[in-house]
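1. Take this sequence and fold it.
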Amino acid sequence: MLWRFLLASVATVVAISAAPPNIVLIVSDDQGWNDVSYHGSEVRTPNIDRLAREGAELDRFYVSPVCSPTRAGLMTGRYPIRFGMQRAVCRPFLEVGVPPEEEILPEMLAGAGYKRRGAVGKWHIGHSHKRYHPLRQGFTSYYGHYNGNIDYFTHFREGELDWHRGFEPSFDEGYSTDLIADEAARFIGESTAEEPFFLYVAFNAPHAPMQVPPKWLDAYADISDETRRTNAAMIACLDAGIGRILDALDKAGEAENTLVWFMSDNGAGPGSNHPLRAGKGTMYEGGIRVPAAVRWPGKIEPERKIDAMLTYLDVWPTLRAAAEMEANQRPGRPLDGVNALDLLLGKVSDVERQPFYSYYERYAAESLAVIDGEWKLVRNGPPILGVNPADAPPPGTHKAARETLQVELFNLSTDPLEQEDVSQEHPEIVERLLAQLEEFRRLRPEGGVPPMTAPFPPGWKAPKQWEMK
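-> The predicted model follows:
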């Protein structure tokens with residue numbers, strides 16, 4: 001009888017060790033390259049640093065230059081241009097969102113046995129109809145706000161309360177960063193060790209408006225610039241919130257069996273991207289290369305710096321592999337990201353990938369970029385006409401922006417700070433990469449998409465308490 005007991009015990013241990021990990025995906029908002037202390041910043045981020053120290057620092061992690069496209073690609077593993085969400089942010093009056101037919105992260109993980117799938121914080125990828133709500137897109141719980149740019153204390157946007165638990169408005173009081181962190185910690189505390197959970201934590205910090213409780217400002221009294229001082233204080237509060245999430249994992253005894261992935265959604269606006277060029281809303285490195293780290297104790301070797309290029313599109317297929325799911329996908333919906341799990345685990349030194357594309361439209365001007373190996377091409381100016389005629393801007397709209405075309409070529413292996421445009425020296429590479437950008441631009445849905453950066457429609461009002469239709 002003893003041998004049967006021992007065999008059963010061994011089988012149980014093997015089953016537990018082979019179980020998929022808990023997954024906590026943390027996204028900060030507008031946190032720049034130089035807004036973490038492990039990059040030498042004056043902003044102190046001990047908990048984010050801890051993730052990089054106890055796991056792997058992703059040194060070349062790329063996203064979109066603004067938040068909604070990054071979040072849409074993060075959730076789908078596909079370029080948001082495929083479903084009309086890469087043009088700009090999801091503004092309050094827009095009726096766009098990630099289409100329900102897209103298989104987003106929580107839906108995919110549900111098939112791997114993740115019964116508890118929580119979303120906490122900023123959504124910003126569809127708020128006009130309930131079909132875009134997190135609870136209709138695979139999450140089992142939701143707490144937070146639909147729009148970006150809410151007031152941190154009142155939780156209002158456009159004169160209406162934008163704070164919710166599930167479908168219902170929430171009247172919880174407090175600083176939004178603290179409420180998000182506390183809810184994430186509560187979710188972890190209520191989880192059980194018998195089955196894995198998925199938790200998506202999307203902080204709205206340190207995005208504008210520049211608001212923070214006074215106690216966080218004291219530690220940065222030596223920063224004379226008021227905007228930078230407030231930004232630093234907001235990031236310090238954000239980092240403390242991440243610390244509470246990590247503490248909750250420790251308290252629950254789940255830290256060793258949890259994959260934690262941290263990233264910013266785009267480069268900083270009021271923050272710092274030093275020494276990278278430019279920032280949010282641009283195709284330069286400061287706009288699309290962000291701090292990121294992954295920790296998975298016992299799986300990912302600590303204190304590693306991964307220099308290989310990774311992107312926000314890779315999160316979906318990598319988490320699918322971590323959840324031990326088959327490499328399948330819905331017919332006709334190709335993934336654009338790659339499975340980087342072996343890279344994270346140290347089994348390979350790089351991943352084989354297609355060129356990486358980025359795109360942003362601001363009124364009548366477009367910014368596009370492609371990174372193909374060591375080469376990066378940036379195109380700023382009028383839309384690429386003849387691809388989707390319906391996307392052409394109306395005549396006379398921001399004429400100067402439409403008529404000014406700038407094309408730059410950089411060799412990132414020798415010039416990572418993009419200081420030398422070498423387009424004149426390599427016309428054949430410019431021609432090839434411009435053709436690739438045009439093909440990428442053709443992925444836009446037929447008939448065009450809404451003008452996402454247009455002014456608010458006359459007479460438009462936010463729905464009461466941002467209730468979805």
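2. Return the residues in contact with the most centrally placed residue in the chain.
-> For the chain, the residue nearest the mean C-alpha position is D265 (3.8 Å; CA atoms, centre = their mean). For D265, the contact set (CB atoms under 8 Å, 6 or more residues apart in numbering) comprises 27-30, 63-64, 67, 70-71, 290. Quick note: C-beta positions are derived from backbone N, CA and C, even for glycine.
3. between those residues, which is nearest L437?
-> Within the contacts of D265, proximity to L437 (CB to CB) peaks at S64, which comes in at 15.1 Å.
4. show me where the stretch 1-150 of the chain has strands.
-> Secondary structure of the stretch 1-150 of the chain (DSSP state E, counting those that start in this stretch): strands located at 22-28, 56-62, 116-122, 141-145.
5. So what are the sheet partners of the last one and their directions?
-> Think strand 141-145. strand 116-122 (parallel), strand 164-165 (antiparallel) (DSSP bridges).
6. Could you do the second one as well?
-> Take DSSP bridges as the rule and strand 56-62 pairs in its sheet with strand 289-290 (antiparallel), strand 292-295 (antiparallel), strand 304-311 (parallel).
7. Figure out how far the host helix or strand of R244 is from the centre of its chain.
-> Using DSSP states H and E, R244 sits in helix 226-251. Mean-position distance between helix 226-251 and its chain equals 18 Å (CA atoms, centre = their mean, to the nearest Å).
8. Please, where are all the helices along this structure?
-> Along the chain, counting by DSSP state H, helices occupy 2-18, 46-54, 67-76, 105-110, 176-189, 226-251, 285-288, 315-322, 341-344, 399-403, 427-441.
9. Tabulate those (CSV), appending mean neighbour count and distance to L259.
-> Listed next are the helices of the chain as CSV, based on neighbours: other CB atoms under 10 Å; distance: least, CB to CB, whole Å:
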stretch, mean neighbour count, distance to L259
helix 2-18, 9, 15
helix 46-54, 20, 11
helix 67-76, 28, 15
helix 105-110, 21, 12
helix 176-189, 22, 13
helix 226-251, 21, 11
helix 285-288, 28, 24
helix 315-322, 22, 6
helix 341-344, 20, 9
helix 399-403, 13, 43
helix 427-441, 16, 31
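10. Ok, which of those helices comes nearest S128?
-> Taking CB to CB, helix 67-76 is the member of those nearest to S128, at 13.1 Å.
11. counting contacts, what elements does that closest one pack onto?
-> Applying 3 or more CB pairs under 8 Å, 6 or more residues apart in numbering; DSSP states H and E, we find helix 67-76 packed against strand 22-28, helix 105-110, helix 315-322.
12. circling back: any idea which of the strands paired with strand 56-62 gets closest to E54?
-> Closest of these to E54 is strand 292-295, at 5.1 Å (criterion: CB to CB).
13. residues touching the nearest residue to D178 once chain neighbours are set aside, list them.
-> Counting by CB to CB, 6 or more residues apart in numbering, G241 is the residue found nearest to D178 once chain neighbours are left out, at 6.6 Å. Going by CB under 8 Å, 6+ apart, G241 touches 177-178, 180-181, 184, 203, 205.
14. mind redoing it with 10 Å?
-> 26, 28, 47, 121, 175, 177-182, 184-185, 201, 203, 205 (CB atoms under 10 Å, 6 or more residues apart in numbering).
15. How about F153?
-> Taking CB under 10 Å, 6+ apart, we find F153 in contact with 173-176, 209, 211-213.
16. ok so, going back, adding mean pLDDT as columns, could you present the helices and strands packed on helix 67-76 in TSV?
-> Output for those, formatted as TSV (pLDDT from 0 to 100):
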stretch	mean pLDDT
strand 22-28	98
helix 105-110	96
helix 315-322	97
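17. T404 and T282: what is the separation?
-> Going from T404 to T282 by CB to CB, to the nearest Å gives 15 Å.
18. Identify the residue spatially nearest to A52, adjacent ones excluded.
-> The shortest distance from A52 to any non-neighbouring residue, by CB to CB, 6+ apart, is to A293 (4.1 Å).
19. Pull out the buried members of the contacts of F153.
-> Taking 16 or more other CB atoms under 10 Å as the criterion, what is buried in the contacts of F153 is 175-176, 211-212.
20. So which of these is the closest to C90?
-> When the buried ones among the contacts of F153 are compared against C90 (criterion: CB to CB), the nearest one is S176, at 18.1 Å.
21. how near is that closest one to T230?
-> Using CB to CB, one obtains 15 Å as the distance from S176 to T230.
22. try I180
-> Distance from I180 to T230, counting by CB to CB: 19 Å.
23. ok, now A184?
-> For A184, the distance to T230 - CB to CB - is 24 Å.
24. what do you get for R186?
-> Using CB to CB, R186 is found at 28 Å from T230.
25. what about this structure, any weak spots by pLDDT?
-> Flagging of the chain using pLDDT under 70 yields the residue ranges 1-18, 326-332, 385-403, 447-448.
26. can I see the domain layout of it?
-> Domain assignment for the chain by automatic domain parsing gives 21-344, 356-441.
27. For V449, which of those is the nearest?
-> Closest among these, once you apply CB to CB, is domain 21-344, at 3.7 Å.
28. That'll do, ta.
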